[in-house]
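J.: Coordinates only, no sequence provided:
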């Protein structure tokens, strides 16, 4: 079965600093999803990557999928308190869509003034 | 457009009691899912339903049952609650759209079993 490992498990950064969260898969990724969860709330979709080498950006968040499609990184530029939360990566476990996502254990991000 | 809704938001049960968690989506999605989230464990799949009338076990199905009542609704039942089922439960739904299978999540149900 596919497993996703996220690193680091937790991160404390000063406001304005850049940071990177990694997600490594035990198998080839057919689709890699990044979600953000605010404390005590549900998951909010950030972006999805499918092609090796693909990179997507939304506001100050950039996600990349490596060429071999086994690792993804999420980079936040000039972090703000609104970026605080838990970031989870999820992978399409079946490769054909509409199958359950397998999730990493999450990275807890705190942004301090 | 409410997306995915879950009821209740909070629940406290005593060991051995039963309850049903309700989930509904208004996006006409075929697939629906139940996950549980525990500290340090991430999200783990309990059951899912790829389409109306079908259900399949996920990673942690023991102690749970599900019903796909219709295309909109997917309920999760705890027949005899145990402290190990204290968790946050999330319902999600998805459909293929532009080659993306984004799952939409509900706000969660916080369940405590004493």
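T.: Structure received. Everything numeric in this text was worked out from a predicted model, so none of it was measured.
J.: list the contacts for residue A:69?
T.: Neighbouring residues of residue A:69 by C-beta atoms under 8 Å, 6 or more residues apart in numbering or on different chains: A:28-30, A:32, A:52. No exception for glycine: its C-beta is placed from N, CA and C like everyone else's.
J.: can you rerun that using 7 Å?
T.: With contact taken as C-beta atoms under 7 Å, 6 or more residues apart in numbering or on different chains, residue A:69 is in contact with A:28-29, A:52.
J.: likewise residue B:44?
T.: Counting by C-beta under 7 Å, 6+ apart, residue B:44 has contacts B:35-36, B:59-60.
J.: Helix or strand with the lowest mean pLDDT in the chain?
T.: Picking chain A for this. strand A:101-103 (a mean of 89; mean pLDDT, DSSP states H and E).
J.: could you do chain B instead?
T.: When each helix and strand of chain B is scored by mean pLDDT, DSSP H and E, strand B:103-105 comes last, with a mean of 90.
J.: After it, heading C-terminal, what element do we hit next?
T.: Scanning forward in sequence from strand B:103-105 by DSSP states H and E, the next helix or strand is strand B:109-113.
J.: what's the distance between the residue positioned nearest the centre of chain B and residue B:46?
T.: With distances taken as C-alpha atoms, centre = their mean, the residue of chain B nearest its centroid is residue B:34 (2.7 Å). As for residue B:34, its distance to residue B:46 is 4 Å (criterion: C-beta to C-beta, to the nearest Å).
J.: which residues are common contacts for these two?
T.: Joint contacts of residue B:34 and residue B:46 (C-beta under 7 Å, 6+ apart) are residue B:76.
J.: In contact with the spatially closest residue to residue A:31 that is not a sequence neighbour, which residues are there?
T.: The shortest distance from residue A:31 to any residue other than its chain neighbours is 3.8 Å, reached at residue A:92 (C-beta to C-beta, 6 or more residues apart in numbering or on different chains). Listed by C-beta under 7 Å, 6+ apart, the contact partners of residue A:92 are A:30-31, A:99, A:101, B:101.
J.: Show me what residue 10 is bridged to.
T.: No chain specified, so I'll use chain A. In this structure, residue A:10 bridges to residue A:108 when assessed by DSSP bridges.
J.: switch to chain B, that's the one I care about
T.: Here residue B:10, judged by DSSP bridges, has bridge partners residue B:110.
J.: quick one: it and residue B:110 touch, right?
T.: Yes: proximity of residue B:10 to residue B:110 meets the contact threshold set by C-beta atoms under 7 Å, at 5.0 Å.
J.: These two: which has the busier surroundings?
T.: Between residue B:10 and residue B:110, residue B:110 has the larger neighbour count (other C-beta atoms under 10 Å in any protein chain shown), namely 16 against 9.
J.: Can you check the pLDDT for that one?
T.: The score at residue B:110 is 95. That number is its pLDDT.
J.: Run through the residues that contact it.
T.: Listed by C-beta under 7 Å, 6+ apart, the contact set of residue B:110 reads B:9-10, B:88.
J.: hang on, the earlier thing: just among the contacts of residue A:69, which is most surrounded?
T.: So for these (other C-beta under 10 Å), the most neighbours sit at residue A:29, 25 neighbours.
J.: So that residue is in contact with residue A:70, correct?
T.: Yes: contact criterion C-beta under 7 Å: residue A:29 and residue A:70 qualify, at 6.3 Å.
J.: Who does residue B:56 form a beta bridge with?
T.: For residue B:56, the beta-bridge partners under DSSP bridges are residue B:48.
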